[in-house]
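[1] Okay, here's the prediction I keep looking at, along with the sequence it came from:
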Amino acid sequence: MSWEGWLNALLPYEWSLLAIVFYVGLAVLYWRGAAVYRRQGEAPARWRSCVFWTGLVLGYVVMHTQFDYYAQFMFFMHRIQHLVLHHVAAFLIVLANPWQILAAGFPPGRVKQQLARWLASSPIQYLYRGLQYPPVAGFLFVGLVYLWLIPDVHFRAMLSHPLYLVMNWSMLLDGLLFWWLILDPRPQALRLAWRLVLLWFVTVLQLVVGAYIALSRSELYDIYALCGRAWPIDPQQDQVLGGILTWVPPGMMSALAVLLLIRRVMRNQVSSVAG
C-alpha cells in the first residue's frame with residue numbers, strides 16, 4: 001500500500017469531536033505529565049509508557065479511522081473493534097497506571113482545582129464506588145457484551161449513529177473501569193480472591209455467548225445482509241469468526257490478568273521475605 005493509501009486508511013470514516021478530544025487530550029496530558037516527571041528525575045518506566053501509547057493508539061485506530069467503516073459492515077470486524085475497546089486497549093491503558101502522570105500533565109490553575117473538587121465530590125464518589133462494587137462491575141462488564149449482541153439491540157445500534165456511538169463508548173469506558181478494578185496495584189483496593197472470582201465469572205459467560213454465536217446454524221445478525229458486507233464473505237463464516245473472537249481472546253486476556261496478579265503476589269512475598 002502506498003503512503004497515500006496508508007494516510008487515507010488512517011483518516012476517520014466518520015469524524016467525531018468526542019473521539020478527537022478524548023484521544024488527543026489523553027495524549028497531550030500524558031506527554032506533558034511525563035515531561036514533568038522527567039524534570040523531577042522520576043521519568044516513567046519505559047514499559048509503562050509503551051503499553052499506554054499502544055493502548056491509546058489501538059483504541060483510536062478501531063474507533064476513529066477507516067477501520068470503523070469495516071466494523072459497521074462486517075460482523076467479525078465489529079467483534080475485533082469491541083475486543084480492542086473492551087479488552088486490549090483498556091487493559092493496556094490501565095496496566096500503565098497513568099493516572100498520576102495524566103494529572104501532572106493537566107495545566108495548573110482554577111480549572112484543575114475545580115475538576116479535582118468535582119471528582120472528589122460525594123455524588124461522583126458514590127457513583128464510582130457503586131460501579132466498582134465487585135458484583136456490579138462484573139455484571140456490567142459481561143452484561144454490556146450480552147446487551148449489544150442481542151440481535152434486535154444490535155440491529156438498532158448499527159442503524160442509529162447516536163446509539164452506535166453509545167455502544168462503542170460504553171465498551172471502552174466500562175473496560176477501563178473493570179480492568180482498573182482488577183489490576184489496581186494497591187492490595188487494599190480489592191482482595192485477590194475477589195479479583196480472581198470476577199475474572200472467572202466474566203470469562204465463563206463470555207465463552208458461553210461466543211460459543212453460541214460461533215456454533216449457531218441460523219443467521220443471527222441480518223443487519224449485515226441488509227446493509228451489505230464490505231467483503232464478499234459467506235454470512236455463516238462471518239458469524240463464526242465473530243463468535244470465535246468473542247469466545248477465545250477474552251479468555252486469553254483474563255488468563256493474562258491472572259498471571260499478572262500471581263506475579264505481583266509472588267513479588268510482594270519475595271520483597272517481604274527480603275525485608
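    Structure's in. What do you need?

[2] Spatially nearest residue to residue 198 (excluding sequence neighbours)?
    Distance criterion CB to CB, 6 or more residues apart in numbering; nearest residue to residue 198, sequence neighbours excluded, is residue 138 at 4.7 Å. For glycine as for every other residue, the C-beta is placed from the backbone atoms N, C-alpha and C.

[3] In contact with the one you found, which residues?
    Residue 138 makes contact with 178, 198, 201-202, according to CB atoms under 8 Å, 6 or more residues apart in numbering.

[4] The nearest residue to residue 10 once chain neighbours are set aside: neighbouring residues, count only.
    In this structure, residue 10 finds its nearest non-sequential neighbour in residue 65, 5.1 Å apart by CB to CB, 6+ apart. A count of neighbours around residue 65, defined by other CB atoms under 10 Å, yields 17.

[5] okay but residue 65 is in contact with residue 14, surely?
    No - using CB atoms under 8 Å, residue 65 is not in contact with residue 14, being 10.4 Å away.

[6] which intervals of this protein have sub-threshold pLDDT?
    Applying pLDDT under 70 to the chain picks out residues 1-6, 270-275.

[7] quick check: longest helix of it.
    Longest helix in the chain, counting residues (DSSP state H): helix 235-274.

[8] Tell me the gap between that helix and the middle of its chain.
    14 Å (CA atoms, centre = their mean, to the nearest Å).

[9] again, but for stretch 102-119
    The answer for stretch 102-119 is 24 Å, by CA atoms, centre = their mean.

[10] Only the buried residues of it, if you could.
    102, 104-106 (16 or more other CB atoms under 10 Å).

[11] Pick out whichever of those sits closest to residue 40.
    residue 104 (9.0 Å; CB to CB).

[12] Quick check: chain neighbours aside, which residue is closest to that closest one?
    Leaving aside its chain neighbours, residue 104 sits nearest to residue 33 (3.9 Å; criterion: CB to CB, 6+ apart).
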